[in-house]
Structure formats: C-alpha cells, structure tokens
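J.: Show me the folded form of this:
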Amino acid sequence: MAALLLKKSGLNMNGTDLIPRIIRLFKGRKVAVCGTSEPWLSRACDVIREMGCEVVLQLDGFLERDAYLRPVFESRADLLILGMGMPKQEAVAAYISEQATRPILILNSGAALDFMANRFQRAPAIWRKSGFEWLFRFIQEPRRLAGRYLVGGFMFLFTALRLAALNVVCSRGGRS
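T.: Residues are numbered from 1 along each chain as shown. Next up is the predicted model:
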C-alpha cells in the first residue's frame, strides 16, 4: 500500500507479535481475558500468568456483548485482552470503553490468544518476513478466513488503487 501511495512504509509489527510484548509490560498487574473458548482460553491464561500477570477474569469469547461489562469492571483489571475476532471484539471494546469509569487498556487480539494456547501454528519466519502470514493462516482456516482475506482483500486493493490514483492526480497539482 505504501508503495502505491509513493510513501515509505514504516516498520510492521502484527498483533500476534506485539500483544505478548504489551502483556509483559503489565507484569504484576491485573489482566482480564475475554475470548476464544475452552480449553484454549485457560491455556492462554496460563501463558499470561507465566508472563507474570495476575489473571483476574477469564470469559469465553462467544457470549453476548452485555455479558462482559459487569465482570470486566468488577475485576478491576488494568489490561483487558479481547480475542473474539472481528468485528465482535471491536464492538465489545467500544462498549466497555464508553462505560468505563477508570483507566483500562483494551487490546483487540484477534487470534493472539489462540496462538498463545498453541491452538494454531504460527507461519514460518520466512512467510512472516515476506508478508505472507495471512496466506499461511488462510490455508489453515479457509472457510473462516475466506471472507476476510478474499472479499476484504479485494476491497482493500480497490481502495489502495483508488488512493494511488488520487495521489498521482494530487502530485501533479490537480492536472491530468
């Protein structure tokens, strides 16, 4: 995308790599985990405990949005990790942040909890470095990820091409 817009891309770090780093920063603090399902939820929470955090809440990621609000607030967690998939986790995060009366960092982790629990294998390093981790995941879960990667991918590409064309027009000072 950056090349299409004639921009230099910055460093890229996906959530699967970033989220464990953030969790380690919360060592000794309270963490609530809402997402995935058993036994993967408990396994991910064990990993988070091994990172030095106090897991004060763990809830299945397939409940209704309203089922999370009270338990999260009562847990008094400093960090909330949501691993419910898109767009549910974004909706739950927005709902909780709108109602929050104290600071809480909310991470939308997608499949990061499942990776921590070893439910799914990470792509080999060469795939990740070359930007094809999405393809590796698609091969693992084609039914679940087809809409995101095929339909969403084409929509993204269309938007990128449209922005690139607009960038070209703007760089010429509006002349065609």
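
J.: What are the buried residues along the biggest helix by length in the chain?
T.: Longest helix in the chain by number of residues (criterion: DSSP state H): helix 152-171. Residues of helix 152-171 include none that count as buried (16 or more other Cβ atoms under 10 Å). Any C-beta I mention is one placed from the backbone N, CA and C, and that applies to glycine too.

J.: And for stretch 38-56?
T.: Under the neighbour-count criterion of 16+ other Cβ under 10 Å, stretch 38-56 has Trp40, Leu41, Arg43, Ala44, Cys45, Val47, Ile48, Cys53, Val55, Val56 buried.

J.: Could you do stretch 65-76 as well?
T.: Judged by neighbour count (16+ other Cβ under 10 Å), stretch 65-76 contains these buried residues: Tyr68, Pro71, Val72, Phe73, Ser75.

J.: Test my guess that the second one contacts Leu57.
T.: Yes. A contact is recorded between Pro71 and Leu57 when judged using Cβ atoms under 8 Å, the distance being 5.6 Å.

J.: Locate the nearest residue to Arg49 once chain neighbours are set aside within the secondary structure: which element?
T.: Closest residue to Arg49 apart from its sequence neighbours, by Cβ to Cβ, 6 or more residues apart in numbering: Val55 at 5.6 Å. With elements taken from DSSP states H and E, the one containing Val55 is strand 54-59.

J.: which strands and helices sit next to that strand?
T.: Here strand 54-59 touches strand 30-35, helix 40-50, helix 66-75, going by 3 or more Cβ pairs under 8 Å, 6 or more residues apart in numbering; DSSP states H and E.

J.: can you list those in JSON lines and add distance to Leu166 and mean pLDDT?
T.: Formatted as JSON lines, the helices and strands packed on strand 54-59 follow (distance: least, Cβ to Cβ, whole Å; pLDDT from 0 to 100):
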{"stretch": "strand 30-35", "distance to Leu166": "37", "mean pLDDT": "97"}
{"stretch": "helix 40-50", "distance to Leu166": "42", "mean pLDDT": "98"}
{"stretch": "helix 66-75", "distance to Leu166": "40", "mean pLDDT": "96"}
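
J.: name the element Ile23 belongs to?
T.: helix 15-25.

J.: Taking their axis directions, that helix and strand 30-35 sit at what angle?
T.: Interaxial angle, helix 15-25 versus strand 30-35 (axes from the mean of the first three to the mean of the last three Cα atoms, to 10 degrees): 160 degrees.

J.: ok, for the most centrally placed residue in the chain, nearest residue in space, not its chain neighbours?
T.: Geometric centre of the chain, nearest residue: Ser109, 3.3 Å, by Cα atoms, centre = their mean. Distance criterion Cβ to Cβ, 6+ apart; nearest residue to Ser109, sequence neighbours excluded, is Gly83 at 4.5 Å.

J.: Alright, I will stop here.
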